[in-house]
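> next input, structure requested:
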Amino acid sequence: MDVEKARFNMVEQQIRPWEVLDPNVLDLLFAVRREEFVPEGYQSFAFADMEIPLGHGEVMLPPRLEARLLQELDVKKTDKVLEVGTGSGYLTALLAHAAWHVYSVEIVPEFKTRAEERLKAHGIANVTLEEGDAAGGWPRHAPYDVIVLTGSVPVLPEVFRQNLNLGGRLLAVVGDAPAMEAKLVTCVAEGVYRTTDLFETSIPSLRNARQPQRFVF
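Numbering: from 1, shown residues only. Predicted structure coming up:
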């Protein structure tokens, strides 16, 4: 496989058509080698428009979705970021290149260990990986300028909004399959938030995500 041609085609055929046009984001997709973050045996699928199995019932999100999340968050070099769900560490690496520091929380110990190895191999030092369950929030290093949930939630816990700095952005996919919506929440004043519906999608749920009360007949 011609890796660089495959990377170029990924950007031109999947990512640009999905309205990802920010040159800083596109540059990062060429700089961070996605194929080095996928599990063994899946390198040939590194640039495919698909979810890649990571084990333990978890997946690596499609490249176009990771790129779109990054663009919508508009990460700046002064930003402190919380990532809920490290997974392969690829989105973590993209965030780290764009931000001041990334705190990434992973519930699967094996994923955390592998991500640490990959990030170290790429010389990425502005990331703190922590093991734990952050589906209900992770206020340990709050407030944050950016929060991103890499799995969906049926309802968005209020603590995530409360942990945003003024001007902070929170991106989460909210709802139940197959009808989910990517939402961007911005803290516009103390205790005041603006929510923008971005696009419809469907991704696996975060483990232990809070469930809404459901009517039983």
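
> what's the strand or helix carrying T92 packed up against?
According to DSSP states H and E, T92 maps onto helix 90-98. For helix 90-98, the packing partners by 3 or more Cβ pairs under 8 Å, 6 or more residues apart in numbering; DSSP states H and E come out as helix 23-31, helix 63-73, strand 80-84, strand 101-106, helix 109-121, strand 127-131, strand 144-149. In this view, the C-beta of every residue, glycine as well, is placed from N, C-alpha and C.

> put the alpha carbons of the last one into PDB.
Read it as strand 144-149. Written as PDB, here are the backbone C-alpha positions of strand 144-149 (Å, rounded to 0.1, in the frame of the first residue of the first chain):
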ATOM      1  CA  TYR A 144     -11.300  23.100  31.000                       C
ATOM      2  CA  ASP A 145     -11.200  25.100  27.800                       C
ATOM      3  CA  VAL A 146     -12.200  22.100  25.700                       C
ATOM      4  CA  ILE A 147     -14.000  18.900  26.600                       C
ATOM      5  CA  VAL A 148     -14.600  16.100  24.100                       C
ATOM      6  CA  LEU A 149     -16.500  12.800  24.700                       C
END
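
> for it, name the packing helices and strands.
Using 3+ Cβ pairs under 8 Å, 6+ apart as the contact criterion, the elements in contact with strand 144-149 are helix 63-73, strand 80-84, helix 90-98, strand 164-176.

> those: which one's closest to P212?
Shortest distance between P212 and those, using Cβ to Cβ, is found for strand 164-176: 8.9 Å.

> show me what contacts L65?
The contact partners of L65, by Cβ atoms under 8 Å, 6 or more residues apart in numbering, come to T201, I203.

> what's the pLDDT at it?
For L65, the model assigns a pLDDT of 97.

> can you give me the distance of it to I203?
The gap separating L65 from I203 is 7 Å, by Cβ to Cβ, to the nearest Å.

> can you pull the contacts of the most centrally placed residue in the chain?
With distances taken as Cα atoms, centre = their mean, T150 lies nearest the centre of the chain, 4.2 Å away. Counting by Cβ under 8 Å, 6+ apart, T150 touches L61, E83, V84, G85, T86, G87, L91, L206.

> among those, which one lies nearest to A135?
L206 (4.5 Å).

> picking that back up, reformat the helices and strands packed on strand 144-149 as JSON lines; add distance to P157.
Output for the helices and strands packed on strand 144-149, formatted as JSON lines (distance: least, Cβ to Cβ, whole Å):
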{"stretch": "helix 63-73", "distance to P157": "19"}
{"stretch": "strand 80-84", "distance to P157": "10"}
{"stretch": "helix 90-98", "distance to P157": "20"}
{"stretch": "strand 164-176", "distance to P157": "9"}
